[in-house]
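>>> give the three-dimensional model of this entry:
(4 chains)
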2 protein chains.
Amino acid sequence: MQEPSPTSRSSFLFLVKPHLKEAKDLLQDSFRRRDFVIISGNCRCHYHGRASSSLGWGERATIVKGDGSVQVHRPVGYEPVNWQPPRCMLSVSLEDSLLCIRAQRPKPRETLEIAYDDLMFVTSCKPVDRADFVLYVSEEQMRDALVSRPSMLEDGLEVIDFERKVDPGFIDFYGKDAQGRVVVVELKRKSAGKDAVLQLKRYVDAVNETVGVAVRGIVAAPGLRSGAQGTLAALGLEYKKLTPRACAQLLQKRKIKKISEFFEQS
Amino acid sequence: MQEPSPTSRSSFLFLVKPHLKEAKDLLQDSFRRRDFVIISGNCRCHYHGRASSSLGWGERATIVKGDGSVQVHRPVGYEPVNWQPPRCMLSVSLEDSLLCIRAQRPKPRETLEIAYDDLMFVTSCKPVDRADFVLYVSEEQMRDALVSRPSMLEDGLEVIDFERKVDPGFIDFYGKDAQGRVVVVELKRKSAGKDAVLQLKRYVDAVNETVGVAVRGIVAAPGLRSGAQGTLAALGLEYKKLTPRACAQLLQKRKIKKISEFFEQS
DNA sequence: GAGTGGATTTCGCAT
DNA sequence: ATGCGAAGTCCACTC
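Purely as a prediction, here's the structure:
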């Protein structure tokens, strides 16, 4: 990710106000090449499959991607009015002075027909895009979420402190469970590895020396790398799945962005 | 719907391989005019809001609609990789030789930043589209669905016959319920009105004269127009909601397209 | 405005 | 292949 922008750009074709025949020839080639195609003009649509729908004449933009997905976009509305998921059979033809585009899917059986009688433009290209998409929340956000609602990890869990200083470092979340046992939570934004488990163990040991009650250690992360599984069990520690998305969603609902706000509210 | 195609076409602007400055000026005007804009080129994206995400450099197409919705499409994948729902604040600027497009939404607070360093093309227009979108299944499809799974209307309901001839006409669905009572169903593709209720009453009366058990009458439709409500109650008839989508979904799952197939399977 | 349920949901991961 | 659950779900409808 964040790799430098390539210096060479992929080529593209574009037709402005083309005749239907001209567009049909381009689209046939483009569909065969699995190009990324955008068609803008006046069209009507018919869909038959999981349901049926019809859409009268109007000016819309159609996107056909190399994976065989299709979407027809009206001037307003986030979602496409008609669409077809990937892996479609694409065909184009001229029928009764209409440029007819068909996208068929075998399973489930469904068909989308888009008929243009007038075109603003048609573009065709093969975009180069090898970047990784990364969706995340910060470890701080995860901690905020957990502090604002400890029950998302376990019923009856309550917060005592967070970022609590102990000898080996800082404990992300420090609380007590429904049975009154102390709970030490190590948060990880990505899948937790053996290093996270060992770090948690050090915290648990440190807490064990200072408190007189039982101490539980929990790794809370979106996943647990295979190597960490055995270590976790051997050290008597636990793992609880905690996804960035769940945390982000909670923070959104609660409208809590910072820990300070939590303490003001509670 | 299906209204004749208008003879005059709305105008559009088309920039091919524009300089960033040139594109910025166009986009500022387009955003102010609430145009329908498509931008194609090399970009990177950052999103912060309900979650956070980053997407490195790659060639993608961005659609900005007049309602303030934004979507960034990669070469493959039905869904946009980044997006913003309608009612966004849009802004465009030149920063560090990048064309930066910002789409901000106040509630929930979230921001999408799209930075282009190279453009294939930019188009801007104001499409005219006043057509109605109609999603439907035929009454025949609804009947097929109900026959293939009467329980979608009520547990224990069984089919005896369909399109059954009685004196006033044809009964859509004829069956018996869990208590052995005869059930007469009148299907409607759209919201049922008083006419549908009265028609059902005639069927129920006709059946009442020929059978010795209690007869129930049910209007099954996606909705019930307000006027029909009172008539329904006065005549001792019932209404059950039955949506075209539920029927279409069932037909799809069961892979039953025609009644004949049902009898072959049963 | 918040809450609820549906969608031609789509999509990914588990079985 | 199939089924189940999550999603920055979106969206329409109800309270």
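>>> report the contact partners of A:Tyr136.
A:189, A:244, B:51-53 (CB atoms under 8 Å, 6 or more residues apart in numbering or on different chains). C-beta coordinates here come from the backbone N, C-alpha and C atoms, glycine included.
>>> if we check DNA strand D, which of those are in contact?
Near DNA strand D, taking CB under 7 Å from any atom of the strand as the test, the members of the contacts of A:Tyr136 found are B:51, B:53.
>>> just among the contacts of A:Tyr136, which is most surrounded?
Counting neighbours by other CB atoms under 10 Å in any protein chain shown, A:Pro244 leads the contacts of A:Tyr136 with 21 neighbours.
>>> just give the number of residues close to the closest residue in space to it that isn't next to it in sequence.
Nearest residue to A:Pro244, sequence neighbours excluded (CB to CB, 6 or more residues apart in numbering or on different chains): A:Val137, at 4.2 Å. Counted with other CB under 10 Å, the neighbours of A:Val137 add up to 24.
>>> for A:Val137, what are its contacts?
A:Val137 is in contact with A:145, A:189, A:244-245, A:247-248, A:251, B:51-52, counting by CB under 8 Å, 6+ apart.
>>> and the gap between A:Leu20 and A:Leu90?
Using CB to CB, to the nearest Å, A:Leu20 is found at 17 Å from A:Leu90.
>>> take the contacts of A:Tyr136 and keep only those in strands.
Among the contacts of A:Tyr136, the members falling in strands (DSSP state E) are B:52-53.
>>> point out the least confident one among the contacts of A:Tyr136.
Least confident entry in these, by pLDDT: A:Pro244, with 74.
>>> hang on, A:Ile39 packs against A:Ile101?
Yes. With contact defined as CB atoms under 8 Å, A:Ile39 reaches A:Ile101; the gap is 7.5 Å.
>>> identify the residues contacting A:Phe12.
By CB under 8 Å, 6+ apart, the contact set of A:Phe12 is A:123-125, B:40, B:120-121.
>>> repeat the analysis, applying 7 Å as the threshold.
Going by CB atoms under 7 Å, 6 or more residues apart in numbering or on different chains, A:Phe12 touches A:123-125, B:120.
>>> now, the most widely separated pair of the residues you listed?
A:Ser124 and B:Met120 (10.9 Å; CB to CB).
>>> for DNA strand C, what's its nearest residue on the stretch 101-250 of chain A.
Closest contact between the stretch 101-250 of chain A and DNA strand C, by CB to the nearest atom of the strand, is at A:Glu110 (5.6 Å).
>>> A:Leu251 - that's part of a helix, no?
Yes. Judged by DSSP: H, G, I helix; E, B strand; the rest coil, A:Leu251 forms part of a helix.
>>> tally of neighbours for it?
A:Leu251, neighbours per other CB under 10 Å, totals 22.
>>> do A:Lys190 as well
Neighbour tally, A:Lys190, other CB under 10 Å: 14.
>>> spell out which parts of chain A neighbour DNA strand D.
Contacts of chain A with DNA strand D, taken as CB under 7 Å from any atom of the strand, map to A:77-79, A:135, A:243, A:245-246, A:248-249, A:252.
>>> do that again at 10 Å, thanks
Contact residues, chain A versus DNA strand D (CB under 10 Å from any atom of the strand): A:76-80, A:107-108, A:133, A:135, A:137, A:222, A:241, A:243-250, A:252-253.
>>> what subset of those is buried?
Buried by 16 or more other CB atoms under 10 Å in any protein chain shown: A:76, A:78, A:80, A:133, A:137, A:222, A:244, A:246-250, A:252, out of the residues of chain A next to DNA strand D.
>>> A:Ser91 in helix, strand or coil?
Judged by three-state DSSP, the three-state class of A:Ser91 is strand.
>>> for the residue lying closest to A:Val159 once chain neighbours are set aside, list each beta-bridge partner.
Excluding the flanking residues, the one nearest A:Val159 by CB to CB, 6+ apart is A:Gly175, at 4.8 Å. With DSSP bridges as the criterion, A:Gly175 is bridged to A:Val159, A:Val183.
>>> my read is that A:Gly175 contacts A:Val183, right?
Yes. A:Gly175 is in contact with A:Val183 according to CB atoms under 7 Å; the separation is 4.9 Å.
>>> which residues are in contact with each of the two?
Joint contacts of A:Gly175 and A:Val183 (CB under 7 Å, 6+ apart) are A:Leu157.
>>> can you get me a residue count around A:Gly175?
A total of 25 residues lie near A:Gly175 under the criterion other CB under 10 Å.
>>> show me what contacts it?
A:150, A:157-160, A:183.
>>> the stretch 51-200 of chain A: helices as residue ranges?
A:139-148, A:194-208 (DSSP state H, counting those that start in this stretch).
>>> dump these to a markdown table, plus distance to B:Ile114, mean neighbour count and mean pLDDT.
Listed next are the helices of the stretch 51-200 of chain A as a markdown table, based on distance: least, CB to CB, whole Å; neighbours: other CB atoms under 10 Å in any protein chain shown; pLDDT from 0 to 100:
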| stretch | distance to B:Ile114 | mean neighbour count | mean pLDDT |
| --- | --- | --- | --- |
| helix A:139-148 | 23 | 21 | 83 |
| helix A:194-208 | 35 | 19 | 94 |
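>>> dump those to TSV, plus distance to chain B.
Below are the helices of the stretch 51-200 of chain A laid out as TSV (distance: least, CB to the nearest CB, whole Å):
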stretch	distance to chain B
helix A:139-148	8
helix A:194-208	21
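>>> nearest to B:Ser30, of those?
Nearest to B:Ser30 among those is helix A:139-148; the distance by CB to CB comes to 35.0 Å.
>>> quick revisit: list the contacts for the residue of the stretch 101-250 of chain A closest to DNA strand C?
Taking CB under 7 Å, 6+ apart as the test, what A:Glu110 contacts is A:48-50.
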